[in-house]
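Undergrad: Pasting the sequence and the predicted coordinates here, then a few questions.
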Amino acid sequence: MQPIQVALCSYGMSGHVFHAPFISVNPKFNLYAVFERTKNEAQKHYPNIKTFRTLETMLNDDAIELVVINTPNVTHFDFAKKVINAGKHLVIEKPFTATVAEAEYLIQLAKEKNVIMSVYHNRRYDSDFKTVQNVLENGLLGTIVEAEFHYDRFDPVLSYKVHKETPTVGVGSIYDLGSHLIDQALQLFGMPKAIFADLDSYRPNSKVGDYFDVKLFYPSHRVILKSSYYVREPLAGNILHGTKGSFIKTKADVQEKELQLGKMPDSVNWGTEPDTEKGVLHTEKDGKITKEYIPTLKGNYMVYYDGIYEAIRNNKPVPVTAEDGKKVIEIIEAALKSNTKKSVVEL
């Protein structure tokens with residue numbers, strides 16, 4: 001097995017928490033390099049990593065095969081162009097780009113340069129989402145009538161990350177947290193027929209959106225996506241109602257919390273939620289009404305990187321396509337338009 005040589009475009013929270021741990025413990029990869037303009041943070045955790053002071057210098061290193069673009073949203077497009085033109089494969093953190101036009105340009109460029117490009121929608125591998133997906137695939141609720149998904153926090157203080165609070169294209173909770181919920185909804189139900197969105201900002205002195213309430217219209221059901229920074233008492237993150245019954249599940253994937261505490265993804269019982277977070281299934285089975293708490297499936301972001309290896313080395317499908325990433329941006333653009341017009345937008 002020939003490990004893929006990987007370079008990170010930054011070593012902030014995304015690099016430290018969501019990418020480096022999975023790359024470093026997976027024998028299919030080698031965490032080869034990082035781009036840090038002035039610091040040497042990555043070397044503190046990975047002493048053998050090469051540190052580059054400019055992106056251009058890093059891309060000139062022929063050993064690098066895969067580049068992870070985990071920089072601020074507004075830089076994704078420009079960084080991706082440079083990586084593709086350098087002939088490197090790339091993983092781009094969500095959101096893929098700020099606009100659909102940018103996404104389409106990158107997709108075409110990657111085809112021309114024959115490089116593999118994927119978007120890091122890691123929340124497909126959350127334990128709660130995998131469990132919801134399993135409930136739907138097994139038809140336990142009948143035909144879905146309504147589904148509601150939350151990504152809430154209680155965090156009224158502005159982020160210390162200036163780029164997250166600067167009102168530029170690609171910034172705001174609809175891009176950051178909304179990207180996760182939108183991708184999950186599209187995985188479960190496909191593209192909606194129309195959308196209505198209410199976007200706002202409630203934190204003191206906030207200049208970017210920090211609240212959204214988005215309704216996706218499907219022929220047979222509705223999907224509601226919500227997020228607020230003023231939810232101190234957590235709500236159920238997953239609420240689904242069908243013609244047979246309901247499934248209610250907390251948003252309780254443990255991976256991010258464990259990664260922040262320094263736990264590595266090759267640890268025993270990785271991605272296992274506590275039993276207290278089991279979802280309640282109240283439905284009809286074989287003509288009988290039943291109510292039970294069902295086990296939560298394990299979450300594991302490593303599945304994404306295993307898929308990236310297979311795509312690069314064995315020409316298998318990428319785990320999250322650039323087209324999937326573009327569809328998320330299509331929904332976001334429609335949400336922004338709907339919020340401005342205060343009306344339903346057809347897709």
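TA: Right, received. Where do you want to start?

Undergrad: can you count the residues close to the closest residue to Y202 other than its chain neighbours?
TA: Spatially, and ignoring its direct neighbours in sequence, Y202 is nearest to Y211 (5.6 Å; CB to CB, 6 or more residues apart in numbering). All C-beta spots, glycine's among them, are computed from the backbone N, C-alpha and C. Residues near Y211, counting by other CB atoms under 10 Å, number 20.

Undergrad: now the helices for the protein?
TA: 13, 20-25, 41-45, 55-59, 76-85, 100-113, 127-137, 162-165, 173-189, 255-260, 302-314, 322-341 (DSSP state H).

Undergrad: which other residues reach the longest one?
TA: Contacts with helix 322-341, where a contact means CB atoms under 8 Å, 6 or more residues apart in numbering, come from 92, 94-100, 103-104, 106-107, 110, 117-119, 121, 174-175, 178-179, 182-183, 186, 191-192, 195-199, 212, 214, 216, 344-345, 347.

Undergrad: Assess the claim that V171 and N73 are in contact.
TA: Yes. Here V171 reaches N73: they are 6.2 Å apart, a contact under CB atoms under 8 Å.

Undergrad: Mind listing the shared neighbours of the two?
TA: Taking CB under 8 Å, 6+ apart as the contact rule, V171 and N73 both touch H163.

Undergrad: What residue spans form the domains of this protein?
TA: The record's domain parsing of the chain by automatic domain parsing lists 4-120, 123-302+331-346.

Undergrad: Pick the most buried one from the ones you listed.
TA: By mean neighbour count, with neighbours taken as mean count of other CB atoms under 10 Å, domain 4-120 ranks first of those at a mean of 19.

Undergrad: So which residue is dead centre in this protein?
TA: The chain has H121 as the residue nearest its centroid, 3.1 Å off, counting by CA atoms, centre = their mean.

Undergrad: So the closest residue to F77 other than its chain neighbours versus Y301, what's the distance?
TA: Leaving aside its chain neighbours, F77 sits nearest to E102 (4.4 Å; criterion: CB to CB, 6+ apart). As for E102, its distance to Y301 is 25 Å (criterion: CB to CB, to the nearest Å).
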